[in-house]
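Trainee: generate coordinates for the sequence data below:
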Amino acid sequence: MTQVLRARRLLTEQGWLDDHQLRVEEGVITAIEPIPAGITVRDAELLCPAYIDIHVHGGAGVDVMDDEPDALDKLAIHKAREGVASWLPTTVTAPLKTIHRALERIAQRYHCGGPGAQVLGSYLEGPYFTPQNKGAHPPELFRELDLAELDELIAISRQTLRVVALAPEKPGALQAIRHLRQQGVRVMLGHSAASWAQTRAAFDAGADGLVHCYNGMTGLHHREPGMVGAGLTDPRAWLELIADGHHVHPAAMTLCCCCAKERLVLITDAMQAAGMPDGNYTLCGEKVEMHGGIVRTASGGLAGSTLSVDAAVRNMVELTGIAPEDAIHMASLHPARLLGIDSHSGSLAPGKRASTIALDSGLHLQQIWIQGQLLPL
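Mentor: The predicted structure follows:
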């Protein structure tokens, strides 16, 4: 059965099309065409590619590290309600066996499916960091890089490990980056005190970009540009960005747009408290407190975010002045390109999956279709 979705404006990689429609068959877009004359009903004000969140620790009161069998299902439903059609459950620094169990659960969800947003695989954030910019990660659990250990993680994930984050100044980091890239795993750099030169060497070895740019890394200085300077100026680097206005000042967000607009990937870095009321929660096994939607550790440091992807898109438009289509691409096309899945996801085009969102003129979510299936919000 052919499904038709009509919009006043439809976003493609090339830009907006007025009064166009998608034809969808078996969850795949078969055509994008003008709406025939005389048809006045529209399914959406704006019809756009659904979002992809590559960096998610939790939300709706659950954590990716939770052992409960339905935790990932609850989180997937929560993500779909913010316009996300696919996502990467992201682990945190923890004992190795705990990480193994999380990777096993994510692999099971990847292979068996379930409700809500689709799991694309896993993102390993920690334990291969250095303590100077540890964030909420417990430094006593940091580990040295070992190729056999990395291979074991890939095997336990049943080859669904998509991204590994690490500090590029650690011993053996460049060898580990090359090894992971040979296995088809993306490498992001963060929670690190690396210099500009060390970061550039990691990009030379095949690293893909920076974990939540600005946060958990050496900042930009005019005599030592640091990790931020390397990421902003290296055209090979994808830059994750937490666009909540708290983790990164709006002026620094604007700087990212000036230097790397085509390389920005909006992420939430959301944790257990996302979508929940203020109160006490946990991250990396430690107690954290959310007040006014901002989560902090006992020492006052930021501990993940409560951001939603649809809010991140609106924030980019409101706080940096970029065009809505550019912000939407940062949450859809760019993460698909980073993960190497843009041949079938990340934008609206014939032959791609019909994972689509309807937005109003203020970029607020109205509806979401995941591979052609309308999900209740």
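Trainee: export stretch 82-101 as CSV, just CAs?
Mentor: Once non-C-alpha atoms are left out, stretch 82-101 reads as follows in CSV (Å, rounded to 0.1, in the frame of the first residue of the first chain):
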residue,chain,number,x,y,z
GLU,A,82,11.3,14.3,20.8
GLY,A,83,11.5,13.4,17.1
VAL,A,84,14.2,10.8,17.2
ALA,A,85,13.8,7.9,14.9
SER,A,86,17.2,6.2,15.7
TRP,A,87,19.8,6.5,18.4
LEU,A,88,22.9,5.2,20.0
PRO,A,89,22.6,4.1,23.7
THR,A,90,25.8,5.4,25.3
THR,A,91,27.6,3.7,28.2
VAL,A,92,29.6,5.5,30.9
THR,A,93,32.9,4.6,32.7
ALA,A,94,32.1,1.6,34.9
PRO,A,95,33.7,-1.7,35.9
LEU,A,96,34.4,-3.7,32.7
LYS,A,97,31.9,-6.4,33.4
THR,A,98,29.2,-3.8,33.9
ILE,A,99,30.0,-2.3,30.5
HIS,A,100,30.0,-5.8,29.0
ARG,A,101,26.4,-6.4,30.3
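Trainee: give me the buried positions along it.
Mentor: 82-94, 98-101 (16 or more other Cβ atoms under 10 Å). All C-beta spots, glycine's among them, are computed from the backbone N, C-alpha and C.
Trainee: again, but for stretch 133-151
Mentor: Neighbour count says stretch 133-151 has 133, 134, 135, 136, 137, 138, 141, 142, 145, 150 buried, by 16+ other Cβ under 10 Å.
Trainee: wait, which of these is closest to residue 308?
Mentor: Residue 308 has its nearest neighbour among the buried residues of stretch 133-151 in residue 136, at 19.8 Å by Cβ to Cβ.
Trainee: please report how far the closest residue to residue 26 other than its chain neighbours lies from residue 355.
Mentor: Once flanking residues are discounted, residue 26 sits nearest to residue 372: 7.3 Å by Cβ to Cβ, 6 or more residues apart in numbering. From residue 372 across to residue 355, the span is 8 Å (Cβ to Cβ, to the nearest Å).
Trainee: re earlier: narrow the buried residues of stretch 82-101 to those in helices?
Mentor: 98, 99, 100, 101 (DSSP state H).
Trainee: so the closest residue to residue 41 other than its chain neighbours, which state does it fall into?
Mentor: In this structure, residue 41 finds its nearest non-sequential neighbour in residue 6, 6.8 Å apart by Cβ to Cβ, 6+ apart. Following DSSP: H, G, I helix; E, B strand; the rest coil, we place residue 6 in the strand state.
Trainee: residue 6 contacts residue 46, doesn't it?
Mentor: No - the criterion here is Cβ atoms under 8 Å, and residue 6 misses it with residue 46 at 11.9 Å.
Trainee: of the two, which one has the most company?
Mentor: residue 46 (21 against 18; other Cβ atoms under 10 Å).
Trainee: how far away is that one from residue 361?
Mentor: 7 Å.
Trainee: and for residue 126?
Mentor: 40 Å.
Trainee: so which of those two has more stuff around it?
Mentor: residue 126 (27 against 10).
Trainee: show me the contacts for the more buried one.
Mentor: 91, 92, 93, 94, 137, 141, 142, 165, 191 (Cβ atoms under 8 Å, 6 or more residues apart in numbering).
Trainee: between those, which sits nearest residue 115?
Mentor: Nearest to residue 115 among the contacts of residue 126, with distances taken as Cβ to Cβ, is residue 91, at 21.7 Å.
Trainee: the closest one is in contact with residue 125, isn't it?
Mentor: Yes - Residue 91 is within contact range of residue 125, at 6.2 Å (criterion: Cβ under 8 Å).
Trainee: give the bridge partners for residue 279, please.
Mentor: Applying DSSP bridges to residue 279 yields these beta-bridge partners: residue 290.
Trainee: okay, which residue is most central for this structure?
Mentor: Centroid-nearest residue in the chain, with Cα atoms, centre = their mean: residue 54, separated by 2.5 Å.
Trainee: which ones are touching that one?
Mentor: 87, 88, 120, 123, 162, 163, 240, 265, 267, 335, 338, 339.
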